[in-house]
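Student: sequence first, then the predicted structure:
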Amino acid sequence: QVRLVESGGGLVQAGGSLRLSCIASGRTFGNYAMGWFRQAPGKEREFVAGIMWDSSRSIIADSVKGRFSISRDNAESAVSVYLQMNSLKIEDTATYYCAAAGTIIFDVDYWGQGTQVTVSS
């Protein structure tokens with residue numbers, strides 16, 4: 001059974017940091033692009049960051065560039081992907097979803113259940 005399980009969300013003050021984690025299991029994700037999307041209330045889901053299967057390239061959305069970074073660990077049993085979020089802003093408040101894609105990250109094959117990030121003033 002394929003599972004993408006996120007953790008690390010929570011409540012943080014503006015200017016603070018959080019690190020989201022996602023563990024992908026149930027199939028071979030070592031050759032999948034992995035990434036993060038987010039969705040704020042009343043808004044569409046948007047791309048945040050993506051990373052190639054071998055970490056050779058990453059893409060960061062302009063809205064979070066310079067503040068967020070993505071990394072991954074391709075362990076044999078499961079793949080982990082991380083989103084380091086620094087200098088958080090109130091507008092970063094959203095549900096963050098882990099994603100896995102067999103081709104490009106924008107063509108998602110699997111989604112996690114989401115983890116809530118709330119940034120307060």
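Tutor: Everything's here; your move.

Student: ok, residue 4 - contacts?
Tutor: With contacts taken as C-beta atoms under 8 Å, 6 or more residues apart in numbering, residue 4 has the following neighbours: 22-24, 98-100, 110-113. The way it works is simple: take the backbone N, C-alpha and C, and place the C-beta from them, glycine included.

Student: okay, and it sits in which element?
Tutor: Taking DSSP states H and E as the criterion, residue 4 maps to strand 3-7.

Student: CA atoms only: put that strand into PDB for me.
Tutor: C-alpha atoms of strand 3-7 as PDB (Å, rounded to 0.1, in the frame of the first residue of the first chain):
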ATOM      1  CA  ARG A   3       1.600   5.900   1.700                       C
ATOM      2  CA  LEU A   4       3.000   9.400   1.900                       C
ATOM      3  CA  VAL A   5       2.900  10.500   5.500                       C
ATOM      4  CA  GLU A   6       3.700  14.100   6.400                       C
ATOM      5  CA  SER A   7       4.800  15.400   9.800                       C
END
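
Student: now do the buried residues in that strand.
Tutor: Along strand 3-7, these residues count as buried under the neighbour rule (16 or more other C-beta atoms under 10 Å): 4, 6.

Student: check stretch 43-55 too.
Tutor: In terms of neighbour count (16+ other C-beta under 10 Å), stretch 43-55 has its buried residues at 45, 47-53.

Student: closest to residue 104 among the residues you listed?
Tutor: Using C-beta to C-beta, residue 50 comes nearest to residue 104 of the buried residues of stretch 43-55, at 8.1 Å.

Student: in a strand, that closest one, correct?
Tutor: Yes. When DSSP: H, G, I helix; E, B strand; the rest coil is applied, residue 50 is found to be in a strand.
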